[in-house]
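A.B. asks: sequence first, then the predicted structure, then my questions.
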Amino acid sequence: MSDDRVIWERRWVGSDVKERLTLLGRLMFGAKEREMVALLRRIPSGSVMEVGCGLGHILAIYQREGWPCQGIDISPTAVAVCRNKGLTVAQRAVEEETGAYDLVSSDGMLEHFLHFEPMAEHLMRLSRRHVLIIQPNHGSLVGKTLPYLAELLRGDEIVFEYNYRIRDFVAVFQKHGFALQESIPVFFDVFRILLFQRTLGSSNPVTSPMA
């Protein structure tokens with residue numbers, strides 16, 4: 001098992017018995033859900049791939065809103081939890097994914113990579129239209145204290161996060177032909193929902209005739 005798989009399996013192990021989520025964590029997810037639902041109702045629906053879907057909290061929102069959706073995760077425990085919730089999830093790394101989707105989504109994933117651009121490129125590679133990411137906003141007043149709140153938010157062992165700013169993510173996506181469409185503060189701006197749209201003229205390697 002690769003190092004990444006070990007780290008994330010350790011993160012989710014035991015969640016098939018009991019999901020470890022504190023009151024503050026539930027409030028956080030409730031805030032994400034409200035903003036996600038409002039956003040999904042403003043944009044055209046379509047197929048969704050949730051990368052690193054974890055325990056399926058965001059994937060379940062897509063399903064409840066009627067978007068055809070599926071997820072992938074490298075943790076067998078996370079995949080099992082999602083399937084028990086009735087979600088369509090495969091145990092697979094994003095590098096192995098070859099499909100094309102109208103919206104590619106990830107929640108709190110990119111900040112765990114020392115160099116996140118290659119992973120962001122995979123999200124864009126799979127997207128025909130939109131990429132949606134939910135990221136900690138370390139530049140906000142409350143977000144600056146997020147590392148100290150992590151235990152309260154999650155209630156157990158955390159995975160290391162690099163201190164990226166929202167502008168860092170925006171710059172990488174714009175560099176690759178995805179324009180920022182919406183930047184939505186969540187939970188006192190501790191998080192941001194960032195929606196990017198593929199610009200005219202930018203190619204999708206998955207669907208390009210040259211691929």
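C.D. replies: All right, it came through fine. Numbers count the residues shown, from 1 in each chain.
A.B. asks: once you drop chain neighbours, what's closest to the residue sitting nearest the centre point of the chain?
C.D. replies: For the chain, residue 106 is the residue whose C-alpha lies nearest the centre (C-alpha atoms, centre = their mean; 1.5 Å). Using C-beta to C-beta, 6 or more residues apart in numbering and skipping the chain neighbours, the partner closest in space to residue 106 is residue 51 (4.7 Å). All C-beta atoms are positioned from the backbone trio N, CA, C, and that covers glycine.
A.B. asks: quick check: pLDDT value at the one you found.
C.D. replies: Looking at residue 51, its pLDDT reads 98.
A.B. asks: would you confirm that it contacts residue 110?
C.D. replies: No. Applying C-beta atoms under 8 Å as the test, residue 51 and residue 110 come out as separate, 9.9 Å apart.
A.B. asks: now the element after the lowest-mean-pLDDT helix or strand in the chain, going C-ward?
C.D. replies: The least trusted helix or strand in the chain, going by mean pLDDT, DSSP states H and E, turns out to be helix 146-154, with a mean of 54. Next helix or strand after helix 146-154 toward the C-terminus (DSSP states H and E): helix 166-175.
A.B. asks: could I get the full set of strands for this protein?
C.D. replies: Here the chain has its strands, by DSSP state E, at 48-51, 69-73, 89-91, 101-107, 127-136, 178-186, 191-198.
A.B. asks: only alpha carbons, please: show the fifth one as PDB.
C.D. replies: Listed in PDB are the C-alpha atoms of strand 127-136, where the atom choice follows Å, rounded to 0.1, in the frame of the first residue of the first chain:
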ATOM      1  CA  SER A 127     -13.600  18.200 -16.400                       C
ATOM      2  CA  ARG A 128     -15.700  19.200 -19.500                       C
ATOM      3  CA  ARG A 129     -17.100  22.300 -17.900                       C
ATOM      4  CA  HIS A 130     -16.500  23.000 -14.200                       C
ATOM      5  CA  VAL A 131     -14.200  22.300 -11.300                       C
ATOM      6  CA  LEU A 132     -15.400  22.900  -7.700                       C
ATOM      7  CA  ILE A 133     -13.000  22.800  -4.800                       C
ATOM      8  CA  ILE A 134     -13.600  23.500  -1.100                       C
ATOM      9  CA  GLN A 135     -10.500  24.800   0.600                       C
ATOM     10  CA  PRO A 136      -9.500  26.200   4.000                       C
END
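A.B. asks: now do it and strand 178-186, the angle between them.
C.D. replies: Here strand 127-136 runs at an angle of 40 degrees relative to strand 178-186 (axes from the mean of the first three to the mean of the last three C-alpha atoms, to 10 degrees).
A.B. asks: fine by me, we can end here.
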